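Asker: 3D model of this:
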Amino acid sequence: MTAMSFAAVQCPAPSRSTTLAVVAGLACALAIGKALPVTMDTVSGVLAPLCATAAESSPLDKVEPIGSYALPNVPGKRVTIVRVSYGPGGFSRPHRHAGSVTAYITKGEIRSQLGGGPVETFGVGQSFFEPPGSTHLVSANASATEPAELIAVFVADEGAQLTTFLE
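Answerer: Prediction:
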């Protein structure tokens, strides 16, 4: 196959259906843009219980909302996705989550212990699952010098407090 320069390619004039599709797409983008602040307020409200304070984790750690969506095929349930970043030596206090949680490690290594199970270390590309109501005793960065990060996907009842820290 030979290389072709962009100048040699001739594009036909857009058809009426293409023009209508572009206009419809722009109209949808405008509508979404106007609704976005409301949507982000809703997401923030749903995720507020996840946002840790200094008493609940180490100072360089953070939980960032990615998205939260009602599941139309499972009435009363919602999927919520967050990014959990741990600074070097970072951790979360023991806690439990409403619903089910799947965690996928995207940076570094994470140490995790559920209930009375063993402490396990998970690296980039690995995942672990937390059944509903399980106690997450250890959730920590395995490194004292490098950051670590995971993406957590919650499936829980609509309006549930997603994270409850234990005393």
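Asker: rest of the way, CA atoms for contacts and neighbours
Answerer: Noted.
Asker: where does the prediction get shaky in this structure?
Answerer: Per-residue confidence for the chain (pLDDT under 70) gives these ranges: 1-60.
Asker: residue boundaries of the strands in it?
Answerer: 62-70, 77-86, 91-92, 95-97, 100-107, 109-114, 120-123, 127-130, 135-141, 148-157, 163-165 (DSSP state E).
Asker: let me have those in JSON lines, extended by mean neighbour count.
Answerer: Compiled in JSON lines, the strands of the chain are given as follows (neighbours: other CA atoms under 10 Å):
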{"stretch": "strand 62-70", "mean neighbour count": "18"}
{"stretch": "strand 77-86", "mean neighbour count": "21"}
{"stretch": "strand 91-92", "mean neighbour count": "22"}
{"stretch": "strand 95-97", "mean neighbour count": "21"}
{"stretch": "strand 100-107", "mean neighbour count": "19"}
{"stretch": "strand 109-114", "mean neighbour count": "21"}
{"stretch": "strand 120-123", "mean neighbour count": "16"}
{"stretch": "strand 127-130", "mean neighbour count": "16"}
{"stretch": "strand 135-141", "mean neighbour count": "22"}
{"stretch": "strand 148-157", "mean neighbour count": "22"}
{"stretch": "strand 163-165", "mean neighbour count": "16"}
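Asker: got the contact list for stretch 69-83?
Answerer: Residues external to stretch 69-83 that are found in contact with it (CA atoms under 8 Å, 6 or more residues apart in numbering): 63-68, 149-158.
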